[in-house]
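Student: I'll drop the sequence and a predicted model, then ask my questions.
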Amino acid sequence: MKKTLWVKFGWSEFYRGGPVNGNFGWLNQNNGKKNEVRGHEAFNFNSGPDGTYYCYVPPQGGEYAPSNDDPDGWTVICLAKNPKHPGVHIVGWYEDATLHGKWLEPPSGLIKKRGDAAHPAYDWSYCISSKSAFFVPPECRISPFSDPSVRQGKYSFLEGPGVHTNENKKRVLDLLNSRLKALTRFAIPNPNEDSLPDPELDSIDPLKRFGTPEDRKKVELAAEQAVIEHYKIKGYACERVTNLPCGYDFIFTKGKTVRHVEVKGTSSPTPQFFITRNEYEKGLRSNPAWSLAMVTSALSETPYITEYDALELKRAFDLEPYVYIGKFIPKPKS
């Protein structure tokens, strides 16, 4: 018999101990207070030394953790809401998990390991454990969904021993299963500190999780070639201006029509990109002829191109600073 439930907890980019956001009682009361900005779920997808994942779920009805008379072998689908947008996302899932039915203290060595100067002996607990986890990276969480039953609870059993199914549960199970199928190829199996890098913890190459510099260059060149061919088929002449600080890569002209196109590419079918300050200021923000050509599956035989003007881009994507550069400001001599 299959055993499946969904759980909902606070939103974190990487679940490696950073801030947690969510409309839950404890987070609402303590968010922003010194030494108290992290929820218990801050480490949900960060394994212990023995490879065990310890998952915290907020209490249902103020006091209950997920429990079942047959506690082992559950698939636990983890949901969280991006605080900036409506709807929830699947942020990962556990397979062959154990439901403990109460909140437990993690191993003492793990508590010490996850403390730091700002959060000494950090207090956290868990109610689900598993040796098998799948983590959905934040850039792949692009398809939020909404359902009344999900909005109202912290967890719900969908199928398994003692679970009374109904049309509502079947609908949610079908929805979540279809989402899992689509996310499987993007999810990171059994994430650890090497496979789940955090840009804040990798100052040498904060883009490492997006491939090596060599890989990124291959994607860039493939994306550019795809866009060039795309415009040539439409009868446009092409001028490359990547060597100029103008905020775009190409000028495409056809008669009186002129297009300033910035090209971004990814080997993934999921659109994601980085934009520099120059591209933002001189292109997106101030050039009415500017557009962005987003090339997904750039290294495949069938790359897919989607173009956005400035307004469409801002509607379709969150644009946030990913890294900052600190430049020393020399003090004038007195």
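Tutor: Cool, got the structure. Numbers count the residues shown, from 1 in each chain.
Student: what are the phi and psi values for the spatially most central residue of the chain?
Tutor: Central residue of the chain (CA atoms, centre = their mean): Pro138, 0.7 Å from the mean position. Backbone torsions for Pro138, taken as degrees, to the nearest 10, come to phi -60, psi -30.
Student: So which bits of stretch 297-315 are buried?
Tutor: Under the neighbour-count criterion of 16 or more other CB atoms under 10 Å, stretch 297-315 has 297-299, 303, 305, 308, 310, 313 buried. For the C-beta atoms, the positions are set from N, CA and C on the backbone; glycine is no exception.
Student: which residues touch that stretch?
Tutor: 218-219, 222-223, 226-227, 230, 261, 265-269, 271, 284-285, 288, 290-296, 316, 319 (CB atoms under 8 Å, 6 or more residues apart in numbering).
Student: related to what we said a few turns ago, which of the buried residues of stretch 297-315 fall within strands?
Tutor: If you go by DSSP state E, the buried residues of stretch 297-315 have 305, 308 in strands.
Student: Between all of the buried residues of stretch 297-315, which two are separated the most?
Tutor: Leu299 and Ala310 (27.6 Å; CB to CB).
Student: pLDDT of the longest strand along the chain, averaged?
Tutor: Looking across the chain with DSSP E, the single longest strand is strand 89-104. Mean per-residue pLDDT for strand 89-104: 96.
Student: From the contact counts, what lies against that strand?
Tutor: Packing partners of strand 89-104 (3 or more CB pairs under 8 Å, 6 or more residues apart in numbering; DSSP states H and E): strand 53-55, strand 74-80, strand 126-130, strand 132-135, helix 167-183.
Student: one more time with 6 Å
Tutor: Using 3 or more CB pairs under 6 Å, 6 or more residues apart in numbering; DSSP states H and E, the elements in contact with strand 89-104 are strand 74-80, strand 126-130, strand 132-135.
Student: on that earlier part again, show the buried residues in the contacts of stretch 297-315.
Tutor: Applying 16+ other CB under 10 Å to these flags 218-219, 222-223, 226-227, 230, 261, 265-268, 271, 284, 290-296 as buried.
Student: Out of those residues, list just those in strands.
Tutor: 261, 265, 290-296.
Student: and which of the residues you listed is nearest to Tyr54?
Tutor: Using CB to CB, these come closest to Tyr54 at Thr296, 35.3 Å.
Student: So what sits opposite the closest one in the bridge?
Tutor: Beta bridges link Thr296 to Tyr304, judged by DSSP bridges.
Student: check contacts around it.
Tutor: 266, 269, 271, 304 (CB atoms under 6 Å, 6 or more residues apart in numbering).
Student: Please name the residues that touch the second one.
Tutor: By CB under 6 Å, 6+ apart, Pro269 lies in contact with 296-297.
Student: Just the pLDDT for the nearest residue to Gly160 once chain neighbours are set aside.
Tutor: Nearest non-adjacent residue to Gly160, counting by CB to CB, 6 or more residues apart in numbering: Lys3, 3.6 Å away. You'll see Lys3 listed with a pLDDT of 97.
Student: Pull the contacting residues for Lys3.
Tutor: 73-74, 160.
Student: change it to 8 Å
Tutor: 68, 70, 73-75, 159-161.
Student: is it possible to export those to JSON lines including distance to Pro213?
Tutor: JSON lines is the format used below for the contacts of Lys3 (distance: CB to CB, whole Å):
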{"residue": "Asn68", "distance to Pro213": "48"}
{"residue": "Asp70", "distance to Pro213": "50"}
{"residue": "Gly73", "distance to Pro213": "43"}
{"residue": "Trp74", "distance to Pro213": "41"}
{"residue": "Thr75", "distance to Pro213": "38"}
{"residue": "Glu159", "distance to Pro213": "46"}
{"residue": "Gly160", "distance to Pro213": "47"}
{"residue": "Pro161", "distance to Pro213": "51"}
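Student: Buried among those residues? Make that a PyMOL selection.
Tutor: The PyMOL command for the buried members of the contacts of Lys3 (criterion: 16+ other CB under 10 Å) is given here:
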select buried, resi 68+74+75+160
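Student: Out of the contacts of Lys3, which comes closest to Ser12?
Tutor: Nearest to Ser12, judged by CB to CB, of those is Thr75 at 21.1 Å.
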